[in-house]
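**Q** here is my input, please return the structure:
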Amino acid sequence: MSSSAGPDADRAAAGADAASPRRSDLVRRGLRLEVLTVSWNVVEGLVAVLAALRAGSVALFGFGIDSFVETTSGLILIWRLRAERHARSPEVIERLDRRARRLVGLSLFLLAAYVAFDAIKALLTRERPQPTLVGIVLTSISLAVMWWLARAKRRTARGLGSRALEADSFQTTACFWLSVITLAGIGLNAALGWWWADPVAALGMTYFLVSEGREAWRGEECSGGGRDAD
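**A** Now for the predicted structure:
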């Protein structure tokens with residue numbers, strides 16, 4: 001009796017879990033985190049891009065563009081989590097999750113391509129960025145914000161079993177590391193006048209972004225994020 005009813009029982013249990021109060025709370029928490037992510041990154045991106053244009057900083061400009069990619073990722077996850085409220089079937093939720101995860105991976109590929117192109121151009125033309133205090137302050141604040149958001153998203157993703165939210169939590173962790181790289185590049189330029197540190201820092205972002213974008217696309221566990229944020 002128990003063996004013949006196994007698959008039906010599993011599907012029923014999965015459906016009950018999707019509709020459980022705990023899962024509903026996790027979905028609401030995930031939505032709040034994504035709304036906060038989008039709000040912060042819109043402000044961060046605008047400030048970073050404007051400061052980068054004034055200073056001629058490739059690294060800070062790439063950081064600002066990453067903020068808009070993170071905004072796109074957050075909007076994708078808001079769509080995915082809201083869709084779950086109306087799609088209780090585990091199969092439908094998994095299909096939505098897979099689609100959202102691939103869009104997150106695609107956004108990482110696009111960002112890596114743009115940053116690499118702009119950094120190489122800056123090195124070849126020897127563009128010398130000006131020191132930017134706004135950029136230093138902004139990236140320093142971003143370190144704390146992105147660290148907290150990545151941890152909170154990862155815990156929520158594990159509770160929901162959502163690889164899309166797990167991939168997005170990595171992208172937030174990537175934003176943390178991009179803050180570190182950007183701060184190093186613009187900081188060395190400001191302190192020591194090393195103009196090349198800025199585009200080199202921007203180039204340092206690209207391998208990291210491509211590698212984790214590939215993992216997000218394939219649905220693998222993000223290798224760089226989990227250990228760093230726990």
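**Q** and the residue nearest the centre of the chain, how far is that from residue 137?
**A** Central residue of the chain (Cα atoms, centre = their mean): residue 171, 2.1 Å from the mean position. Taking Cβ to Cβ, to the nearest Å as the measure, residue 171 falls 23 Å from residue 137. For every residue, glycine as well, the C-beta is placed using N, CA and C.
**Q** next up, the contacts around the residue nearest to the centre of the chain.
**A** 69, 70, 73, 104, 107, 108, 212, 216 (Cβ atoms under 8 Å, 6 or more residues apart in numbering).
**Q** what about 7 Å?
**A** 70, 73, 104, 108 (Cβ atoms under 7 Å, 6 or more residues apart in numbering).
**Q** element containing it?
**A** Here residue 171, judged by DSSP states H and E, is contained in helix 163-192.
**Q** what packs against the next helix or strand after that helix?
**A** Next helix or strand after helix 163-192 toward the C-terminus (DSSP H and E): helix 197-218. If you count contacts as 3 or more Cβ pairs under 7 Å, 6 or more residues apart in numbering; DSSP states H and E, helix 197-218 packs onto helix 58-86, helix 90-125, helix 163-192.
**Q** outside of stretch 53-64, which residues touch it?
**A** With contact meaning Cβ under 7 Å, 6+ apart, stretch 53-64 is reached by 45, 48-49, 51-52, 115, 118-119, 122, 127, 129-130, 132, 135, 139, 178, 182, 185-186, 198-199, 201-202, 205.
**Q** now stretch 41-58: average pLDDT?
**A** For stretch 41-58, mean pLDDT is 91.
**Q** go on, stretch 73-81?
**A** 79.
**Q** buried set for that stretch?
**A** Using 16 or more other Cβ atoms under 10 Å as the test for burial, stretch 73-81 gives 73, 74, 76, 77, 78, 80, 81.
**Q** what do you get for stretch 139-153?
**A** 139, 142, 145, 146, 147, 149, 150, 151, 152, 153.
**Q** which one of those residues is nearest residue 192?
**A** residue 139 (17.3 Å; Cβ to Cβ).
**Q** residue contacts, the closest one?
**A** 63, 179, 182, 183.
**Q** from residue 189, how far off is the third one?
**A** Counting by Cβ to Cβ, the separation of residue 182 from residue 189 is 11 Å.
**Q** more neighbours: these two, which one.
**A** The neighbour count for residue 182 versus residue 189, taken as other Cβ atoms under 10 Å, is higher for residue 182 (32 against 26).
**Q** gap between the residue nearest to that one when sequence neighbours are not counted and residue 83?
**A** In space, and not counting its chain neighbours, residue 182 is closest to residue 63: 4.3 Å by Cβ to Cβ, 6 or more residues apart in numbering. Distance of residue 63 to residue 83, computed by Cβ to Cβ: 30 Å.
**Q** of these two, who's got more company?
**A** Per other Cβ under 10 Å, whichever of residue 63 and residue 83 has more neighbours is residue 63, with 32 against 16.
**Q** what about residue 213, how many residues nearby?
**A** Neighbours of residue 213 using other Cβ under 10 Å come to 23.
**Q** name the spans of the protein whose pLDDT lies under the cut-off.
**A** Scanning the chain for pLDDT under 70 picks out 1-21, 84-90, 93, 97, 216, 219-230.
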